[in-house]
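> No letters, just coordinates:
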């Protein structure tokens, strides 16, 4: 059991109300029950704030007038909620050891503190670090490296020579190191001649990769997912791409080959990025955007092909008014016809 | 063997022609052979109707003039075809029992009539209902519940505490209950702090979920796929979303977090829906649409950002004519220049 | 070890410089080290060409002035690079035999030269050809056929009765033969009645299919992926579709049902194609395009809905200028107002 005051201290907030109230867990405003802590981080949820059964709510300074609950005032309620929620969700512990139903190549090195579950395959020369957890059905090829504390959920595949850093979390069915998509057309046969994909994928520390997401190996060299980046489900990262550190790729994003993302880039859902270009540090691309040229540091772009967000929104609003614009044009034409007629007629 | 008359009775139709003709199977108009039944449900296929080798064709009242075959006239030939086809495709039977190559935690409860194939993992406290079929490589975490008659195809993953209803069908590599994508940026480190995803996914009865589709668990509470909904391949359902009953999500659709779909919603292929909004009952979104605000009950929207379908089609047609509109504008300008010149010149 | 002259002979090129230089491997211009061969195929990389450490570079006739390296001049440097790279990447050899941890139905036929790794399931009546390699976790249903020399990577699923040709390569978690997405709505219940998917998938020879890609079985008849076609990751091929030979489907492409692609079609990333239409031979669709009507042989289309590429680019440029067009329209209106006022005033 923890008190509101203890949690306020944890997140550097100040208590308004009863700091001694006990907090038993966390939940969203709608789902929270008495005893739970929630947060108010979006003005859209004013009604939910008024109606919540939560006993404690994290709020920003200057949040709307509040009732008789206990509040913890912090600069960033969303971040504070994450910190508090983590205290109520300790990482699941797994007994170390290798299942007798797993297959580990004699030349592989699995740390004694790692957990290797049933039906896992670990190839020759592969290294599995301390406290790594490999869920059932995980496939590690040859000379793969998995860093300390990383968790690979069920059926994750990491192919030959790819490296995954420390404290990463890969969700079920993610595929790291499948061949990049590279062919050269030989019209004389005709056939698409495969360009061997001899490079690797390097996933740095603290990365999360979603279910059924794919990061392809480089043709030569490396495809890189930078430290602290978070990739959602069903994302495609093409060969030789680089995702800078602390970037966010939402679900169903696709990066073509040799795409370079800077640091802290945010790509919203279903964004596509063409190959051989760069998206600058801290740049943001709106959902379903299609990026076909470089994007500068800090830029915010939208649309397909993408353009700066503000003019995009103006153009997009006018797209909806095209029938009106056409009508206005026709009206002008008629008036002009009349004027010209009046002028030429005696 | 079944006669046309028997099948007409099954679907509430009336026979035109020889009701005694034997039907041995079903097929599309193009593929059907003598002895087979087909259906005519789309005017686009008039030629195929004329050319089909099918012995019996399901048609709607008032269908085009027909030849010398046997016809069964029904209100909804497509639906009638589904019913007839099912009589020719009885569900595959699987011998009950647990493979010696599967792993079932001692505290899990697997019904004696269930089929558990090789390399299946069933975690602690998980309940597998009567006549459930788990294909090779299925992973069920802890305290999962799988309802009566549900079939999980190869390599499907259902993670801790998620529940799947009765008579569901999940296709290979579907992932139910991976973590929702929730992080809060702490600029002081900097790092993306993970918001623990402590909720579950609840899939109701009679749901179908496609290959490589992902339904993420809720942050707190539930992500819900409602009774009778059908989800195609490679679909992303974000955390805390609700898919109302009898909805249809075509391939590669993506729902962000906390998205609420009403009943009977239809999302065509590659649609994206932003978070924290509602799509009303029976609403339809056209392929590749991007929904960024609420959609009313029964509304039909298209485009990205989406707008009502009719004006969208007008605007979309005018988009293609923008060069002409620009030319007309230039022409008007010239004429106006001339007029003004004429006016000011003596 | 191989000399530049030997490699030039292999690709039908001519040496400029020292043909005796030894080549130890291949790499991109940026990554190449001394002793390696690279290629220059895109004017965008002139600087990289100047800076590369490669000892030998494949170039086209008339490439920019070059330094003191050895060059091999060929018509198609990209294709030549593919051929050379293959000589440095011999196919990995796998010891033939069936793992004792795999499950093979007694009625299945596995060629003695095939490799069947751990945790593979092979169903009744399935035929696995010579030199086939099945990685861990592969699932083959009943009466499946896998042609000579084909490689199925980890966790690939091929469902009942589907056939895969010779020399194919399927990447991890690809799913061949899941049910097509077909339902008929019965409002009287209401329920979505499943249309049994009784057809198959036929993948012809020399096809590559990416990680987490899905090719659905036909309702009746076949879904076909034609000889020599290459499909990237996370692609959806709907039921009864036909992909003509030598076609290229980039990542996250989606084909609805009964879509027909001709020969040599190229669909860029995230393209969607509606059902019941045809894309002609050698046609190209730009990234994120949405095809809703037939596309002629050799046509190049872009946009959603797609239109010919040239007018699309003009319209797209004008979309970005819509605010300007609106302003021009307003200006004309004011001038017209003034003219009319002048005219009607005495």
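Thanks, I have the structure now. Quick caveat, the model's predicted, so the values are computed rather than measured.
> So which bits of stretch A:29-39 are buried?
Using 16 or more other CB atoms under 10 Å in any protein chain shown as the test for burial, stretch A:29-39 gives A:29-32, A:35-39. Heads up, the C-betas are built off the backbone N, CA and C, glycines and all.
> For chain A, which residue gets nearest to chain B?
residue A:89 (3.5 Å; CB to the nearest CB).
> Distance check, the residue nearest to that residue when sequence neighbours are not counted against chain C.
With sequence-adjacent residues excluded and distances taken as CB to CB, 6 or more residues apart in numbering or on different chains, residue A:89 is closest to residue B:196, at 3.5 Å. Distance of residue B:196 to chain C, computed by CB to the nearest CB, to the nearest Å: 26 Å.
> check contacts around residue B:196.
A:82, A:85-86, A:88-89, B:219 (CB atoms under 8 Å, 6 or more residues apart in numbering or on different chains).
> Now do the SS call for it.
Three-state call for residue B:196 (DSSP: H, G, I helix; E, B strand; the rest coil): coil.
> Just the pLDDT for it.
Listed pLDDT for residue B:196 reads 96.
> re the thing from before, out of the buried residues of stretch A:29-39, which is nearest to chain C?
For the buried residues of stretch A:29-39, the nearest to chain C is residue A:30 (28.7 Å; CB to the nearest CB).
> who's residue A:37 bridged to?
residue A:26, residue A:56 (DSSP bridges).
> Give me the residue ranges of the stretch 1-150 of chain A where confidence is low.
A:1 (pLDDT under 70).
> which residue packs closest to residue A:250, ignoring adjacent ones?
Nearest to residue A:250 is residue A:269, by CB to CB, 6+ apart, at 4.3 Å.
> give me every residue that touches the one you found.
Residue A:269 touches A:232, A:250-253, A:287-288, B:236, B:254, B:256, B:272, B:274, counting by CB under 8 Å, 6+ apart.
> Now neighbour count and secondary structure too, for these, in TSV please.
Shown next, in TSV, are those (neighbours: other CB atoms under 10 Å in any protein chain shown; DSSP: H, G, I helix; E, B strand; the rest coil):
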residue	neighbour count	secondary structure
A:232	29	coil
A:250	27	coil
A:251	29	coil
A:252	31	coil
A:253	27	coil
A:287	25	coil
A:288	29	coil
B:236	29	strand
B:254	30	strand
B:256	27	coil
B:272	29	strand
B:274	22	coil
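> Which of those residues sits closest to chain C?
residue A:252 (6.9 Å).
> so who does the closest one touch?
Residue A:252 touches A:232-235, A:269-270, B:236, B:252, B:254, B:272, C:252, counting by CB under 8 Å, 6+ apart.
> Show me the domain layout of chain A.
For chain A, the structural domains run A:2-88, A:156-305, A:312-344, going by automatic domain parsing.
> Determine which stretch of those domains is the most buried.
Mean neighbour count (mean count of other CB atoms under 10 Å in any protein chain shown) peaks for domain A:156-305 among the domains of chain A, with a mean of 24.
> Residue ranges in the stretch 151-300 of chain A under the pLDDT threshold?
Using pLDDT under 70, the stretch 151-300 of chain A has no residue that qualifies.
> how close does the residue of chain A closest to chain B get to residue A:25?
Per CB to CB, to the nearest Å, residue A:89 is found 9 Å from residue A:25.
> now residue A:320
Taking CB to CB, one finds residue A:320 at 45 Å from residue A:25.
> try residue A:165
31 Å.
> Please apply the same query to residue A:193.
Applying CB to CB to residue A:193 and residue A:25 gives a distance of 58 Å.
> can you check residue A:191 too?
For residue A:191, the distance to residue A:25 - CB to CB - is 60 Å.
> How about residue A:311?
46 Å.
> hmm, back to that, which one of the contacts of residue B:196 sits closest to chain C?
Scanning the contacts of residue B:196 for proximity to chain C, where the rule is CB to the nearest CB, the winner is residue B:219, at 25.2 Å.
> Phi first, then psi, for that closest one.
With angles defined as degrees, to the nearest 10, residue B:219 sits at phi -60, psi -60.
> how about the contacts of residue B:196 in CSV, adding secondary structure?
Formatted as CSV, these follow (three-state DSSP):
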residue, secondary structure
A:82, helix
A:85, helix
A:86, helix
A:88, helix
A:89, coil
B:219, coil
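> Now distance to residue B:177 too, for those, in JSON lines please.
Formatted as JSON lines, the contacts of residue B:196 follow (distance: CB to CB, whole Å):
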{"residue": "A:82", "distance to residue B:177": "20"}
{"residue": "A:85", "distance to residue B:177": "18"}
{"residue": "A:86", "distance to residue B:177": "19"}
{"residue": "A:88", "distance to residue B:177": "19"}
{"residue": "A:89", "distance to residue B:177": "15"}
{"residue": "B:219", "distance to residue B:177": "13"}
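> I appreciate the help and will end here.
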